[in-house]
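Colleague: One predicted model, sequence on top.
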Amino acid sequence: MLPNLPRDEIKDIFRRCLLIRRFEESLIGLHREGGSFGHFHVYIGEEVTGAVAMRMLQPDDKAFTTHRNHGHLLARGADPGRLLAEIMGKATGYNKGKGGTLHALPGELGFLQTSAVVGGVIPLAAGAAYASKQMKKDFVSICLFGDGALEEGAAPETFNIAALWSLPVIFLCENNSLGLGERKSSDYSGSTNAARHLNELVTPYGIPSRVIDGTDAAAVHQAMSEALNRARAGKGPAFIEAQTYRWAGSKPLWPDLLTGITDLTMAWDKGKIPQEHRQWHEKQDPVLRISREILEAGHLSREQILELDSEVRSEIGKGVLFAKESPLPDPQSAFENIFA
Amino acid sequence: MREISYAEAVAEALSEAMENDPRVCLLGSYFFGLSPRRVLMDELKEKFGPSRIQDTPISEIGIAGIGTGAAMAGLRPIVDIATASFIFQAWPQVVNEAANAFYMSGGQTRVPVIFHILHGLRGGGAAQHSHSPQAMLWNAPGLQIMLPTSPADAKGLLRTAIHSDNPTVFVDHSLLFEVKGPVPDGDYRVPFGQGDVKRVGSDVTLVATSYMVQRSLQVAAKLSAEGIQVEVVDPRTLVPLDKETILASVAKTGRVVVVDECHRSCGVAAEISAIIAEEGFSSLKKPIKRVTRADVPVPFSRVLENAIAPTEDKIEAAVRSLVS
Ligand SMILES: Cc1ncc(C[n+]2csc(CCOP(=O)(O)OP(=O)(O)O)c2C)c(N)n1
Ligand SMILES: [Mg+2]
């Protein structure tokens, strides 16, 4: 479902979804052409969660993210060219080539740390919320992390403290493990958690939680509104578990376009949906889902959807060009930024 | 003697240990990281099943402590932390529990556990996946530290570790997996505290650890063609450390470069240099040189990573500076 928002805002959410999808598709393409980015993780399948949630933040709000950060960054307005440049280790990247895909950080957009240590950002986000409270500021802190992070000891320690001290922090857990079967050595695991319901892990601390379908824009919007209101009112932390299916292309060791380049016409032309990965195209792909919903609601026509998509693709194209043409950093810059 | 790869030698040691001793078990199964050699772990899992090779949640402090406690109670667990940087999540259990237990119990509690970590620069790992924590671990008395560099050493040292009653950190490096070499048959062991001269030379001693041994051998081969004869000494274990082999080589050459992947300050090379300065000063013809990782968090971009890394170029330049 779509949130009850004006057409322009819906269109903006949709645009962000497309931007993320086309960015990740281009990235996988560049990797295939031989780009070496180190091990990288894409946000395909989770776009709606990020696109809806991140645009609800105020400019002052602080955000913390993980190895699977591209979507969060783009959803909050990161420039695709500078993000890609960072992933390619270029001097023009957000971190001047020091971070790469694992640590890409547009600080100007309120991101404070992109940590690839699973669970690493959970205490940090609570820390930013503590600072907000101590300094009597209005900003809230959002912690984006995967289901796996709940297996780390940092998680329960932080939940306890955040609840005890009523910290204005939102724990947005993106559980992308739906549809993950038995694990092979080449995969990362789905949740290996004895808790059957991940949200119940915060219940003993009195932290309210919502379990939502992460591809349902209205549900994300509703859960985020509640969490933000609560945090801003000084009532303490909230926990959201946004569930999504693991995109087939994210299961192999290196992301691969197993479901092809997204064809938006599948949203209205069922005949185009191939037998292989049918479930994905029909039900699980959040970008196709929101396309259908936007059509049904009459916010955009088919033509307008395709037009928006081609705008986004040309923006990504420019970003790719920018990143490719950007220079590598000066080797000496390795010795800069060690201390402030 | 048959030649196999380093990764195969490690897998063989694990397999034989689990066959021979029901107390040996594995917690965690990313022994070969994401390298193509990870199929070796699939084979072991198939052979021994989950009762012996346990996949774990992403809970380093939990598995390190469970492995340590299980060792205290009679098992011989091998805890696979995989990427060395994640041993920091397990730090309290490794350095404050496992390392201390035997001593602080007055010799009562034995801790036959092995922690396996994949350390070092591997190209694009950036700051949070590239640590070489062996110097930090060396600063926690009570831990044995092994860093094999050849297939035979990997298998022989791992066997020694499995039979040891002390906690051991297996400091491993994914860039070694494909190194090939002869491996003896049968139940041979490489004792701890016995270094190995990996190449004999008379002009300069290169003391190198882990993957840096391979780099040093490359440099030695290259310089040999020019008439500079480099001796490459591989301590193989840091705790216990074979000072004698290092000092004997320095006594012979009078010139020494210590090569290691830790950051420079308080790193492995710093400690080895201090030992040479204290105990081998009279044989030195030139000041000791160190080639290490710079004191900089590891940057992502390859050009930057290269700028801070102990590369072959830097090793070569250090050797040349001692003979010119
Ligand atoms: C402390 C730590 N342990 C292990 C890893 C290796 N690792 C990287 S991603 C990952 C899986 C994380 O799962 P989840 O938190 O659900 O995030 P997802 O990749 O599914 O978005 C693991 C185990 C790590 N990065 N950090
Ligand atoms: Mg996950």
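Modeller: Received the coordinates, thanks. Ligands and ions are numbered 1, 2, ... in the order given.

Colleague: Quickly list the domain ranges of chain B.
Modeller: B:2-183, B:196-323 (automatic domain parsing).

Colleague: Those: which one's closest to A:Gln304?
Modeller: domain B:196-323 (39.1 Å; CB to CB). Just so you know, the C-beta spots here come from the backbone N, C-alpha and C atoms, and that holds for glycine as well.

Colleague: Could you check how far that closest one is from the centre of its chain?
Modeller: 15 Å (CA atoms, centre = their mean, to the nearest Å).

Colleague: Give me the phi and psi angles of the closest residue in space to A:Arg230 that isn't next to it in sequence.
Modeller: Leaving aside its sequence neighbours, A:Arg230 sits nearest to A:Ala238 (CB to CB, 6 or more residues apart in numbering or on different chains; 5.3 Å). When quoted as degrees, to the nearest 10, the phi and psi of A:Ala238 stand at phi -140, psi 160.

Colleague: Find the closest residue to ligand 1 in the stretch 201-340 of chain A.
Modeller: Using CB to the nearest ligand atom, the single residue of the stretch 201-340 of chain A nearest to ligand 1 is A:Arg246, 7.6 Å away.

Colleague: can you count the residues close to that residue?
Modeller: Using other CB atoms under 10 Å in any protein chain shown, A:Arg246 has 21 other residues around it.

Colleague: give the contact list for A:Ile261.
Modeller: Contacts of A:Ile261 were listed using CB atoms under 8 Å, 6 or more residues apart in numbering or on different chains, and they are A:Glu25.

Colleague: close to chain A, is stretch B:314-321?
Modeller: No - Stretch B:314-321 lies out of reach of chain A by CB under 8 Å from any CB of the partner chain, never closer than 12.5 Å.

Colleague: which of the residues in that stretch are buried?
Modeller: Under the neighbour-count criterion of 16 or more other CB atoms under 10 Å in any protein chain shown, stretch B:314-321 has B:Lys314, B:Ile315, B:Glu316, B:Ala318, B:Val319 buried.

Colleague: Which of those residues fall in helices?
Modeller: Using DSSP state H, the subset of the buried residues of stretch B:314-321 located in helices is B:Lys314, B:Ile315, B:Glu316, B:Ala318, B:Val319.

Colleague: Please tell me I have it right and the second one contacts B:Val257.
Modeller: What that stands for is B:Ile315. Yes - taking CB atoms under 8 Å as the definition, B:Ile315 is a contact partner of B:Val257 at 6.8 Å.

Colleague: shared neighbours of the two, anything?
Modeller: B:Leu206, B:Val291.

Colleague: Next, format the ones in helices among the buried residues of stretch B:314-321 as TSV and append pLDDT and distance to B:Gln229.
Modeller: TSV is the format used below for these (pLDDT from 0 to 100; distance: CB to CB, whole Å):
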residue	pLDDT	distance to B:Gln229
B:Lys314	98	20
B:Ile315	98	15
B:Glu316	98	14
B:Ala318	98	16
B:Val319	98	10
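
Colleague: quick one, longest helix in chain A?
Modeller: Longest helix in chain A, counting by DSSP H: helix A:7-32.

Colleague: Now find how far off-centre it is within its chain.
Modeller: The answer for helix A:7-32 is 11 Å, by CA atoms, centre = their mean.

Colleague: Who are the packing partners of whatever helix or strand comes next after it?
Modeller: Downstream of helix A:7-32, the next assigned helix or strand under DSSP states H and E is helix A:47-54. In this structure, helix A:47-54 packs against helix A:7-32, helix A:70-75, strand A:169-178, helix A:217-232, helix A:286-297, with contacts taken as 3 or more CB pairs under 8 Å, 6 or more residues apart in numbering or on different chains; DSSP states H and E.

Colleague: can we see that at 7 Å?
Modeller: If you count contacts as 3 or more CB pairs under 7 Å, 6 or more residues apart in numbering or on different chains; DSSP states H and E, helix A:47-54 packs onto helix A:7-32, helix A:70-75, helix A:217-232, helix A:286-297.

Colleague: Output it as PDB, restricted to C-alpha atoms.
Modeller: C-alpha atoms of helix A:47-54 as PDB (Å, rounded to 0.1, in the frame of the first residue of the first chain):
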ATOM      1  CA  GLU A  47      14.500  -0.200  -1.700                       C
ATOM      2  CA  VAL A  48      11.000   0.800  -0.300                       C
ATOM      3  CA  THR A  49      12.100   0.600   3.300                       C
ATOM      4  CA  GLY A  50      15.000   2.900   2.700                       C
ATOM      5  CA  ALA A  51      13.300   5.300   0.400                       C
ATOM      6  CA  VAL A  52      10.300   5.800   2.700                       C
ATOM      7  CA  ALA A  53      12.200   5.900   6.000                       C
ATOM      8  CA  MET A  54      15.200   8.100   5.100                       C
END
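
Colleague: Rounded mean pLDDT for it, please.
Modeller: Averaging pLDDT along helix A:47-54 yields 98.

Colleague: that older thread, so who does the residue nearest to A:Arg230 touch?
Modeller: Residues in contact with A:Ala238 (CB atoms under 7 Å, 6 or more residues apart in numbering or on different chains) are A:Ile170, A:Ile207, A:Pro208, A:Glu226, A:Ala227, A:Arg230, A:Ala231.

Colleague: Repeat that for A:Thr262.
Modeller: Taking CB under 7 Å, 6+ apart as the test, what A:Thr262 contacts is A:Arg21, A:Glu25, A:Val287.

Colleague: so where do the strands sit in the stretch 1-150 of chain B?
Modeller: B:3-5, B:24-27, B:53-54, B:76-83, B:114-118, B:144-146 (DSSP state E, counting those that start in this stretch).

Colleague: what do you get for the stretch 201-324 of chain B?
Modeller: According to DSSP E, counting those that start in this stretch, the strands that the stretch 201-324 of chain B contains are B:204-208, B:230-234, B:237-239, B:256-263, B:289-293.

Colleague: Which neighbouring elements make contact with the first one?
Modeller: When you say that, I think you mean strand B:204-208. The contact analysis (3+ CB pairs under 7 Å, 6+ apart) places strand B:204-208 against helix B:211-224, strand B:230-234, helix B:243-253, strand B:256-263, helix B:312-323.
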